[in-house]
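J.: Pasting the sequence and the predicted model now:
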Amino acid sequence: MSRGSRIWLVSLLAGVLLTASGANASAGAAPAPPGTRAMWLWSDADPTEVVSWATLHDVTEIFTYVDTTVATDGSLPRLRELKRQADLAGVRLSALGGDESWSTDHASALAWQKAVTATKLFAGLHIDVEPYLLPAWNTNRNATANAYLTLLQRLRDAGPLAVEVDVPFWYGTITISGKNLATETLRRASAVTVMSYRDSGTGPNSIYDVSRDWLTRGAAAGKRVRLGAETRPLADCSYCTFVEEGATALGDALARVDGATRSAPAFNGIAVHDYDGWRALSS
């Protein structure tokens with residue numbers, strides 16, 4: 001049986017068992033099978049090495065960075081080879097892009113979407129736009145957040161590819177024009193990946209703990225919620241990354257998240273940020 005067939009079979013069995021128990025009646029879905037992994041790829045790393053790493057670590061989706069200039073900047077041959085090898089390995093390939101300026105500069109975001117869609121290489125779009133990095137977030141938060149929400153809607157309306165969005169875990173604490181920012185983001189996104197960057201899987205202030213609000217909202221909205229883990233150095237937050245703990249601790253923590261989310265129907269697995277940081281972790 002192929003790796004893709006095994007993943008499909010595990011997903012099917014998990015759905016049957018959980019539906020039978022009534023655990024997922026409210027959302028009509030089952031949590032992703034334990035071990036479901038994705039990863040960000042920001043660099044132009046060798047496609048053979050990337051896909052080999054993905055296969056070894058049960059990664060079923062890669063969010064790979066693509067520039068708006070993809071048609072002319074010389075990156076297409078590498079991306080085509082990455083797509084070819086990903087297809088052979090049963091790995092989904094999504095186009096990764098974004099900048100905080102896109103929150104209000106919708107034309108640039110839509111130009112990027114048009115450029116990456118034209119390549120016909122990607123199964124979806126993975127958007128990393130963080131409006132809270134703009135100075136206007138502190139001076140005119142309502143307008144900035146509403147512009148961001150409009151961006152998400154425009155991206156969904158403009159093309160055929162699903163739009164998954166990177167989000168911080170704390171959006172649920174923000175009210176914009178009388179509405180909850182996390183709920184409004186879910187209304188417009190196809191799915192979200194929570195930047196739940198903590199160096200423990202469960203317990204207080206852990207990956208699972210800081211993401212619970214998103215998992216609840218995702219179930220209510222019928223949207224999938226992926227959780228994120230960081231492997232890059234973060235000078236201002238040592239407890240947000242596994243740089244000090246290493247690869248074994250990361251694996252153990254993610255397994256604990258898998259266990260804790262068995263009753264969370266919106267759970268869509270865990271994404272690791274990012275390929276290069278993950279590879280550089282000590283054992």
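T.: Structure received. The structure displayed is predicted, hence computed values, not measured ones.
J.: Any chance you could list what contacts stretch 99-117?
T.: Here stretch 99-117 makes contact (CB atoms under 8 Å, 6 or more residues apart in numbering) with 66-71, 95, 97-98, 122, 125, 127, 129-134, 136, 144, 147-148, 150-151, 154-155, 158-161. Glycine gets a C-beta too; all of them are placed from N, C-alpha and C.
J.: Mind doing that once more with 6 Å?
T.: Stretch 99-117 is contacted from outside by 66, 68, 70, 95, 97, 129-131, 133-134, 147-148, 151, 154-155, 158-159, using CB atoms under 6 Å, 6 or more residues apart in numbering.
J.: Among the residues you listed, which ones are in strands?
T.: Per DSSP state E, strands hold the following members of the contacts of stretch 99-117: Ala95, Gly97.
J.: and the contacts of stretch 99-117, which of them are in helices?
T.: When DSSP state H is applied, the contacts of stretch 99-117 are split such that Ala147, Tyr148, Leu151, Arg154, Leu155, Ala158 fall in helices.
J.: Turn the buried ones among the residues you listed into a named PyMOL selection, would you?
T.: Selection of buried members from those for PyMOL, criterion 16 or more other CB atoms under 10 Å:
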select buried, resi 147+148+151+154+155
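J.: can you pull the buried residues of stretch 110-117?
T.: Here stretch 110-117 shows Leu110, Trp112, Gln113, Ala115, Val116, Thr117 as buried, counting by 16+ other CB under 10 Å.
J.: Okay, helices next: where are they in the chain?
T.: Along the chain, counting by DSSP H, helices occupy 3-21, 47-56, 76-89, 106-118, 136-139, 141-158, 181-188, 207-221, 247-260, 275-280.
J.: now those helices as JSON lines including distance to Met195 and mean pLDDT?
T.: As requested, those are exported to JSON lines (distance: least, CB to CB, whole Å; pLDDT from 0 to 100):
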{"stretch": "helix 3-21", "distance to Met195": "25", "mean pLDDT": "34"}
{"stretch": "helix 47-56", "distance to Met195": "21", "mean pLDDT": "98"}
{"stretch": "helix 76-89", "distance to Met195": "24", "mean pLDDT": "98"}
{"stretch": "helix 106-118", "distance to Met195": "19", "mean pLDDT": "98"}
{"stretch": "helix 136-139", "distance to Met195": "16", "mean pLDDT": "98"}
{"stretch": "helix 141-158", "distance to Met195": "15", "mean pLDDT": "98"}
{"stretch": "helix 181-188", "distance to Met195": "13", "mean pLDDT": "98"}
{"stretch": "helix 207-221", "distance to Met195": "9", "mean pLDDT": "98"}
{"stretch": "helix 247-260", "distance to Met195": "14", "mean pLDDT": "98"}
{"stretch": "helix 275-280", "distance to Met195": "14", "mean pLDDT": "98"}
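J.: With distance to Pro34 added, can I get these in CSV?
T.: Formatted as CSV, the helices of the chain follow (distance: least, CB to CB, whole Å):
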stretch, distance to Pro34
helix 3-21, 8
helix 47-56, 17
helix 76-89, 20
helix 106-118, 31
helix 136-139, 37
helix 141-158, 30
helix 181-188, 24
helix 207-221, 13
helix 247-260, 4
helix 275-280, 19
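J.: Arg232 is nearest to which of those?
T.: Set against Arg232 and scored by CB to CB, those come closest in helix 275-280, at 4.1 Å.
J.: Just give me the residue right at the centre of the protein.
T.: Note on the chain: the residue nearest the mean C-alpha position is Thr193, at 3.4 Å, using CA atoms, centre = their mean.
J.: was I right about that one contacting Ala271?
T.: Yes - between Thr193 and Ala271 there is a contact under CB atoms under 6 Å: 5.3 Å.
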